[in-house]
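Q: Sequence and computational prediction follow.
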Amino acid sequence: MAPDPKRSKAAAAAAAPYVQRLISDEELRDNVRVALESARQAFMRVQHGKAPAKVVLDDKKFKKNMSEATSALKDAADALRSAPKKKAARKRSGGGLLGKLALLAIAAAIAVALNEGLRNKVLDMLFGKEEEFEYSSPSPNGAAAEPAPESVTTT
């Protein structure tokens, strides 16, 4: 007899860490159950109410049910996020090559930001040497303007 594909999919889903957490954590199951019950009650109030817009905007029980549902879902999501992903056979000491390159890039960026000499070298390498020049405005007759003599005042 060939293996049932539905059973193998169900077995694979049951092996997922989130499903395992849901099976083993009673508080998580309670949060999910409260969220579903509150959402169902809120939905029933919308369906059997006078006008859906009025129920959503004015009905206090609807708002209470939605508030309970959202807080229970938030608690369940937080519990799932805090669950250990998978148990590793051994702990890794470093971050691998990518982690080391990221650390090196961050250290280089900090060094460039804090050290003016290094920053100038990097900018010169990237954009070329900065040319320093003096600017003098042209005079009306075409010759360079001479600086005006400073007046000496005595008191």
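A: Received the coordinates, thanks. Residues are numbered from 1 along each chain as shown.
Q: Please enumerate the helices of the protein.
A: Remark: helices assigned in the chain by DSSP state H are 5-14, 17-24, 26-48, 52-58, 60-81, 96-114, 116-127.
Q: Could you identify which of those helices has the lowest mean pLDDT?
A: Least confident of the helices of the chain, judged by mean pLDDT, is helix 5-14 with a mean of 77.
Q: and it, what does it pack onto?
A: Contact here means 3 or more CB pairs under 8 Å, 6 or more residues apart in numbering; DSSP states H and E; on that basis helix 5-14 packs against helix 17-24. C-beta: built from backbone N, CA, C; applies to glycine.
Q: how far out from the middle of the chain is the helix it packs on?
A: 26 Å (CA atoms, centre = their mean, to the nearest Å).
Q: do the same with stretch 108-124
A: Relative to the centre of its chain, stretch 108-124 is centred 28 Å away, using CA atoms, centre = their mean.
Q: what's in contact with that stretch?
A: residue 130 (CB atoms under 8 Å, 6 or more residues apart in numbering).
Q: end to end, how far does it reach?
A: 16 Å (CA to CA, to the nearest Å).
Q: coming back round to it: redo the helices of the chain as CSV? Include distance to residue 135.
A: Converted to CSV, those look like this (distance: least, CB to CB, whole Å):
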stretch, distance to residue 135
helix 5-14, 74
helix 17-24, 68
helix 26-48, 70
helix 52-58, 67
helix 60-81, 61
helix 96-114, 30
helix 116-127, 20
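Q: Please produce TSV containing those helices, extended by mean neighbour count.
A: As requested, those are arranged in TSV below (neighbours: other CB atoms under 10 Å):
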stretch	mean neighbour count
helix 5-14	10
helix 17-24	13
helix 26-48	15
helix 52-58	13
helix 60-81	15
helix 96-114	11
helix 116-127	11
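Q: Let me know which of these is the nearest to residue 134.
A: helix 116-127 (20.2 Å; CB to CB).
Q: between that closest one and helix 96-114, how big is the angle?
A: 110 degrees (axes from the mean of the first three to the mean of the last three CA atoms, to 10 degrees).
Q: distance between helix 116-127 and the chain's centre?
A: 32 Å.
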